[in-house]
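Student: here is a sequence with its predicted model. Questions after.
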Amino acid sequence: MFIPFYPPKPHLAGFIKGYQIVHAQTPAGLPLPSHPFPPHAVQNLSFYPRDPIEVFHYGTRQTTTSPSGLIVGPQVSRVDLTMGRDLLIVATFFQPGGLHRLLGIPMSELLDQELDASLLWNAQIRQVDQQLRETTN
């Protein structure tokens with residue numbers, strides 16, 4: 001599968017590295033795909049407007065269901081992502097320091113964590129999430 005990477009507009013290039021949109025469907029009867037993700041420093045804001053994903057975090061040895069809009073900080077532990085049957089990901093990847101400048105939160109506080117984006121931008125994130133759900137059906 002080829003997943004294109006879209007560059008930001010020039011005025012956002014100091015904050016944003018780029019965007020990706022991924023859509024994959026797993027037919028009923030087949031096992032859900034699981035993908036390992038090694039540690040990385042890239043921070044992102046991702047939306048999952050269709051089926052949620054399950055995350056197994058090797059650092060905590062716990063499995064969680066990701067919220068539909070989440071912020072991912074720098075990772076030092078591997079995670080395994082189990083995708084839903086109808087996977088749609090709309091992701092924004094930040095330049096080094098870009099997410100910190102946007103949020104004003106030290107990246108050490110997001111180290112090895114994902115954060116429900118609605119905890120920071122409740123109404124705005126819920127609106128974006130709803131618009132993605134409506135326009136992608």
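Tutor: Now that the structure is in, tell me what you want to look at.

Student: do you know the pLDDT at the closest residue to residue 71 other than its chain neighbours?
Tutor: Distances taken as CB to CB, 6 or more residues apart in numbering place residue 115 nearest to residue 71, at 4.6 Å, with adjacent residues excluded. In this view, the C-beta of every residue, glycine as well, is placed from N, C-alpha and C. Listed pLDDT for residue 115 reads 88.

Student: okay, which residue is most central for this structure?
Tutor: residue 46 (3.0 Å; CA atoms, centre = their mean).

Student: contacting residues for that one?
Tutor: Residues near residue 46 by CB atoms under 8 Å, 6 or more residues apart in numbering: 69, 70, 72, 89, 90, 91, 92.

Student: and the last one, what helix or strand is that in?
Tutor: Just to be clear, that refers to residue 92. Per DSSP states H and E, residue 92 falls inside strand 86-94.

Student: mind saving the C-alpha coords of that strand as PDB?
Tutor: Taking C-alpha atoms only, strand 86-94 is exported to PDB below (Å, rounded to 0.1, in the frame of the first residue of the first chain):
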ATOM      1  CA  ASP A  86     -13.100   0.500   8.200                       C
ATOM      2  CA  LEU A  87     -10.000   2.400   8.900                       C
ATOM      3  CA  LEU A  88      -9.700   6.100   8.000                       C
ATOM      4  CA  ILE A  89      -6.900   8.200   9.400                       C
ATOM      5  CA  VAL A  90      -6.400  11.900   8.800                       C
ATOM      6  CA  ALA A  91      -3.100  12.900  10.300                       C
ATOM      7  CA  THR A  92      -1.100  16.100  10.700                       C
ATOM      8  CA  PHE A  93       2.600  15.700  11.500                       C
ATOM      9  CA  PHE A  94       4.400  18.500  13.200                       C
END
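
Student: distance from the very next helix or strand once past that strand to the middle of the chain?
Tutor: Next helix or strand after strand 86-94 toward the C-terminus (DSSP H and E): helix 98-103. Relative to the centre of its chain, helix 98-103 is centred 16 Å away, using CA atoms, centre = their mean, to the nearest Å.

Student: for helix 98-103, buried residues please.
Tutor: Residues 98, 99, 100, 103 are the ones in helix 98-103 that count as buried (16 or more other CB atoms under 10 Å).
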